[in-house]
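I need the structure of the sequence given here:
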Amino acid sequence: MTRATNLVFESSAPTRTYSDPYRFSGSMPVRPISAPDKIVSISDHPGFKPSSRTNGTNIDDFVAELERDEKLKLALEEGRRWVADTFYADDGDTIRTLRLRKGWSQSRLAEAARTSQSHVARIERGRENLSLRTMRRLCEALEVNMDAFDAALLHQEALVKARAKIGKKTKAKRHPGKSKCR
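Numbering: from 1, shown residues only. A predicted model of the protein is given here:
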């Protein structure tokens, strides 16, 4: 067998070229310099209205502004239902899926249950112990009975624990030399 190179660290000439529009540098694809890019400016969009604010817009304010238009509000609600059916279908009934199936944002549920959006977010992540009063308000807002709400909370708690366990296993695989006990 003939060696392709004279030295171990020496490389041979390339045997083929790639015809795709990307070349690879390490593990990241990089567009070739010669490939033209289409530049799109949001200010070219017919619905764009420049804002006098330069420091950005709060996402809740932006969504609230969109929801003032009835067509956009219905589209956002339909999008939330789609997210529930597409991304959370395997989760079963949880507080998040109950909310998304109604087409509601966390802010909308918080408003209906007379609490804050951050409180709803903590409840959905399983990081909040609920008072009976809050549970009743959430049941009323979500239009479910206490038994269904309790089952959703228990199922959500089990999912959070299972995902945390998977996260710990993944972390242990990435850092095998680290001891669990300190």
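
Okay, buried residues for stretch 78-87 please.
Applying a neighbour-count criterion of 16 or more other CB atoms under 10 Å, the buried positions in stretch 78-87 are Arg80, Val83, Ala84. Every residue, glycine included, has its C-beta placed from N, CA and C.

so for whichever helix in the chain runs longest, what's the average pLDDT?
Longest helix in the chain by number of residues (criterion: DSSP state H): helix 146-174. Per-region confidence: helix 146-174 scores 85 on mean pLDDT.

Check which residues of that helix are buried.
Phe149, Ala152, Leu153, His155, Gln156, Leu159.

phi, psi of the residue nearest to the second one when sequence neighbours are not counted?
Using CB to CB, 6 or more residues apart in numbering and skipping residues adjacent in sequence, the residue nearest Ala152 is Asp93, 4.5 Å away. Backbone torsions for Asp93, taken as degrees, to the nearest 10, come to phi -80, psi 120.

Which parts of the protein are helices?
59-67, 70-87, 95-102, 106-112, 117-124, 132-142, 146-174.

what's near enough to touch the residue nearest to Ala152?
Contacts of Asp93 were listed using CB atoms under 8 Å, 6 or more residues apart in numbering, and they are Ala148, Ala151, Ala152, His155.

now it: how far from Arg108?
In this view, Asp93 and Arg108 are 19 Å apart by CB to CB, to the nearest Å.

I'm done for today, thanks for sticking with me.
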